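Peer 1: sharing a sequence plus its predicted fold:
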Amino acid sequence: MVVVSTALGSPFNKYCLTLLYTESNKYSIHSLVAAMEVSEVKIDTYLIRMWDFPKIIDFLLTNYGRIIIGISLMTTQLPEILPLLEFLKELKNSLQEKVVLVGGGPHVSGDPLGSLKQLGFDFVFIGEAEKSFTEFLSRSLEGHEVNNIKGIAYLDRGEVLTNRNDEVVNLNEYPPISLKYGLFNPIEVSRGCPYACKYCQVSYVFGRTMRHRSLDIILKYCRKLIKRGINDLRFISPNILAYGGSGTKVNFDVLAEFVDNVKKLKDLGGKLYLGSFPSEVRPDFIDSDIIKLIKNVVSNRRISIGIQSGSDEVLKNLGRGHTVEEALNAINLLRSHNFTVDSDFIIGLPNEELPDSLKTLELIQKLIDLGGVRIHLHYYIPLPGTPLAKYELKPIPEIIRRKLLKYLGRGVIFGNWLRQEVVAFKIQKLRKEGVILN
Ligand code: SF4
């Protein structure tokens, strides 16, 4: 358990905030705590691991008049977190006003109805929550009405009421990390994505307009991280090469300014990582000029590229906005400049027929033959709020599975695709059982 804020002794100590803290949601929690820091919300806040929840609840109930429990949820976590949500629902029912259960993250944004009606949340925060969540906390602490906050949804006599929020968060108004409480992670430099690929929640949660944190602020936090001994400078973005632009093409001048300035931090000990996890790139953004720009300044020799399928038909149906040939060209170019490549693929896509899967296998084989390319394989997950969410999952054809398992055995593919396959079917089952309603 981490206590990140203390307001004991203040008139607000009757409230506390308890946030579920997991490997998958920790970056979202860090940004919320950072947002609370600048918004000067004073509330005792506990970041709690899942297994500690039942143990800590008694302590909280004894010491506080009211507990706000916040869960930032990804759909892939839902099967695992359901028992905790059941426990919290019962707790809430038995204690009534003493416990307020609030949800955020991609899952509740994609399925506010199911999250309120089935998972038991009192309020859900739709989309980005830096502003709406801190406002919710401030108003709750002051005893004011919270129902009219923009960006939240709640149930009113069984009906879901949503307060639309057409404003997007200005990233420059919120810190990317919490310096005060030492909650660090790669710096989020851009948010939103214009591509709206049909299987991905990014555009549906954060919008299609790409926004960027200003270079000055990014550099400020890079320096702060180095000062705290974190020299590896990594960034979060739907596509790091889109920094400073609309998201559909490179804004070379702005990107070059970004690279030039971050590379100067080498003098302080900073090491620049670009295009490796968690800032993958799109293949159609790779060209010789870009490679020359980053080649001698980045510390990573590996670039992660999203390809997803070896079938142009599938790529088109997904709305990926690039072809197989473009992906191959990008990889060849990177290899000719001595970068190794991790290429992302998704298997089990709803719009994929056997000939498409065979094309994916063919491309995978081609990349393996090329050398210096690892295949990062994913299984398709039906995410609420995306256009493909309700498509029936298809098992991987045996011929494809056998071949993939052979590759796995040879160590040329990696990733959680087998576990994701299990999770995907669990998510589909939850939809069929009415736990997920979108
Ligand atoms: S380009 Fe990447 S981040 Fe953007 S919608 Fe497609 S998969 Fe998501």
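Peer 2: Looks like it arrived, so ask away.

Peer 1: C-alpha from now on. contacts and neighbour counts both.
Peer 2: OK.

Peer 1: A strand includes residue 134, no?
Peer 2: No: according to DSSP: H, G, I helix; E, B strand; the rest coil, residue 134 belongs to no strand; its state is helix.

Peer 1: burial count for it?
Peer 2: 20 (other CA atoms under 10 Å).

Peer 1: residues in contact with the residue lying closest to it once chain neighbours are set aside?
Peer 2: Nearest non-adjacent residue to residue 134, counting by CA to CA, 6 or more residues apart in numbering: residue 36, 5.9 Å away. Counting by CA atoms under 8 Å, 6 or more residues apart in numbering, residue 36 makes contact with 42, 130, 134.

Peer 1: please identify the helix or strand for residue 409.
Peer 2: Using DSSP states H and E, residue 409 sits in helix 398-410.

Peer 1: export that helix to CSV, keeping only CA atoms.
Peer 2: Extracted in CSV, the C-alpha atoms of helix 398-410 (Å, rounded to 0.1, in the frame of the first residue of the first chain):
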residue,chain,number,x,y,z
GLU,A,398,-5.5,-25.5,-36.7
ILE,A,399,-3.1,-25.2,-39.6
ILE,A,400,-2.3,-21.6,-38.5
ARG,A,401,-2.1,-22.5,-34.8
ARG,A,402,0.4,-25.4,-35.5
LYS,A,403,2.7,-23.2,-37.5
LEU,A,404,2.6,-20.4,-34.9
LEU,A,405,3.4,-22.8,-32.2
LYS,A,406,6.4,-24.0,-34.2
TYR,A,407,7.6,-20.4,-34.5
LEU,A,408,7.0,-20.0,-30.8
GLY,A,409,9.2,-23.0,-30.1
ARG,A,410,11.9,-21.6,-32.3
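
Peer 1: list the buried residues for it?
Peer 2: Neighbour-count burial for helix 398-410 flags 400, 404, 407 (criterion: 16 or more other CA atoms under 10 Å).

Peer 1: same question, stretch 27-42
Peer 2: In stretch 27-42, counting by 16+ other CA under 10 Å, buried: 27-37, 39, 41-42.

Peer 1: hmm, back to that, so which of the buried residues of helix 398-410 is the closest to the ligand?
Peer 2: Using CA to the nearest ligand atom, residue 404 is the member of these that lies nearest the ligand, at 22.4 Å.

Peer 1: give the contact list for that closest one.
Peer 2: Contacts of residue 404 by CA under 8 Å, 6+ apart are residue 413.

Peer 1: confidence score at it?
Peer 2: Residue 404 is assigned 96 on the pLDDT scale.

Peer 1: any idea how far it is from residue 122?
Peer 2: Using CA to CA, to the nearest Å, residue 404 is found at 44 Å from residue 122.

Peer 1: the ligand contacts on the stretch 301-438 of the chain?
Peer 2: Selection of the stretch 301-438 of the chain residues close to the ligand by CA under 6 Å from any ligand atom yields residue 320.

Peer 1: for the stretch 301-438 of the chain, what spans make up the helices?
Peer 2: Assigned by DSSP state H, counting those that start in this stretch, the stretch 301-438 of the chain shows helices spanning 312-318, 324-336, 354-370, 398-410, 417-432.

Peer 1: how about the first one: buried residues?
Peer 2: Judged by neighbour count (16+ other CA under 10 Å), helix 312-318 contains these buried residues: 312, 314-315, 318.

Peer 1: do the same with stretch 124-143
Peer 2: Residues 124-138, 141 are the ones in stretch 124-143 that count as buried (16+ other CA under 10 Å).

Peer 1: just stretch 55-65 next, same as before
Peer 2: For stretch 55-65, by 16+ other CA under 10 Å, it's 60, 64.

Peer 1: so how far is that stretch off the chain centroid?
Peer 2: In this view, stretch 55-65 has its centroid 31 Å away from the chain centroid, taken as CA atoms, centre = their mean, to the nearest Å.

Peer 1: for that stretch, C-alpha coordinates in PDB please.
Peer 2: Output in PDB follows, covering the C-alpha atoms of stretch 55-65 (Å, rounded to 0.1, in the frame of the first residue of the first chain):
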ATOM      1  CA  LYS A  55      -7.400  -6.500   4.200                       C
ATOM      2  CA  ILE A  56      -7.400  -2.800   4.100                       C
ATOM      3  CA  ILE A  57     -11.100  -2.100   4.000                       C
ATOM      4  CA  ASP A  58     -11.600  -2.500   7.800                       C
ATOM      5  CA  PHE A  59      -8.900   0.000   8.500                       C
ATOM      6  CA  LEU A  60     -10.400   2.500   6.100                       C
ATOM      7  CA  LEU A  61     -13.900   2.000   7.500                       C
ATOM      8  CA  THR A  62     -12.700   2.600  11.000                       C
ATOM      9  CA  ASN A  63     -10.700   5.700  10.200                       C
ATOM     10  CA  TYR A  64     -12.800   7.500   7.600                       C
ATOM     11  CA  GLY A  65     -16.400   8.600   7.400                       C
END
